[in-house]
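Peer 1: curious how this folds, go ahead:
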Amino acid sequence: MGSYICKIIEDSRPAYAKDQTTLKFYFEKLKNVSTLTLEPFNPKKPPLFYKDIKTPNPFFTTKDIQRFFFFHSIKDAGTLPHIHGNAFNILQEGQKEWVFYDASKTHNLNGYNTLQASNKKYPQGTHAKDWFKKEVPKLPNKVDAVFCCTQEAGDIVFIPNGYCHAVLNKSEVMGIVFETH
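Peer 2: Residues are numbered from 1 along each chain as shown. As a prediction, this is how the structure comes out:
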């Protein structure tokens, strides 16, 4: 896996990261940054680690996976509020704090507008730890329902389509995410 290309992430908006290196260089040379790999899933040529995951399983089969990514991140990093399709976050090591709310434009305009305002207030270069400190206490007054959980090593968190979510690493973390159709 050392030759896999990964993004170097220095803030909590990983989708905007441009700098890349190999996983080998990342783990041997870089400190105080995070990384992720993001690739389409090819069931005919799955990644090396995929043989260690039992499928079909209660959550998805090989044909359901659209893309995947491996992540490693430092303590107090994370991701700011964002939205995408169904996903399964499998945490191998560490602990993460999660916040969720419905932000579907068609089902919950209140949540959608809250997400849009957050994207403007916390653009590229900002950090999840600041959002968690300043915004999480205000969320119950802005959206219909807020869901929170702590993910421990070995836990799988399901992120439903249309749900905004943000993550704060309580420790160094490592894991895999599968996004499904």
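Peer 1: please count neighbours and contacts with C-alpha atoms only from this point.
Peer 2: Fine.
Peer 1: dihedrals phi and psi, the residue positioned nearest the centre of the chain?
Peer 2: When CA atoms, centre = their mean is applied to the chain, the residue found nearest the centroid is residue 79 (6.3 Å). Backbone torsions of residue 79, given as degrees, to the nearest 10, read phi -130, psi 140.
Peer 1: wait, what's in contact with it?
Peer 2: 12-14, 127-128, 166-168 (CA atoms under 8 Å, 6 or more residues apart in numbering).
Peer 1: what of residue 126?
Peer 2: 11-13.
Peer 1: got the contact list for the helix or strand bottoming out on mean pLDDT in the chain?
Peer 2: Least confident helix or strand, the chain: strand 39-40 with a mean of 79, by mean pLDDT, DSSP states H and E. Defining contact as CA under 8 Å, 6+ apart, one finds that strand 39-40 is touched by 66-69.
Peer 1: which residues are in contact with the very next helix or strand once past that strand?
Peer 2: Remark: after strand 39-40, the chain's next helix or strand is strand 65-73, criterion DSSP states H and E. Contacting residues not belonging to strand 65-73 are listed as 33-41, 169, 172-181 [CA under 8 Å, 6+ apart].
Peer 1: one more pass at 6 Å, please.
Peer 2: 34-41, 172-181 (CA atoms under 6 Å, 6 or more residues apart in numbering).
Peer 1: only whichever of the residues you listed are buried, select them in ChimeraX.
Peer 2: Here is the ChimeraX selection string for the buried members of these, based on 16 or more other CA atoms under 10 Å:
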select :34,35,36,37,38,41,172,173,174,175,176,177,178,179,180
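Peer 1: tell me which of the contacts of strand 65-73 fall in strands.
Peer 2: Counting by DSSP state E, the contacts of strand 65-73 place 34-36, 39-40, 173-180 in strands.
Peer 1: now do the strands in the protein.
Peer 2: Using DSSP E, strands in the chain cover 5-9, 20-22, 34-36, 39-40, 65-73, 78-82, 87-93, 95-102, 147-152, 156-159, 163-169, 173-180.
Peer 1: cool, thanks, signing off.
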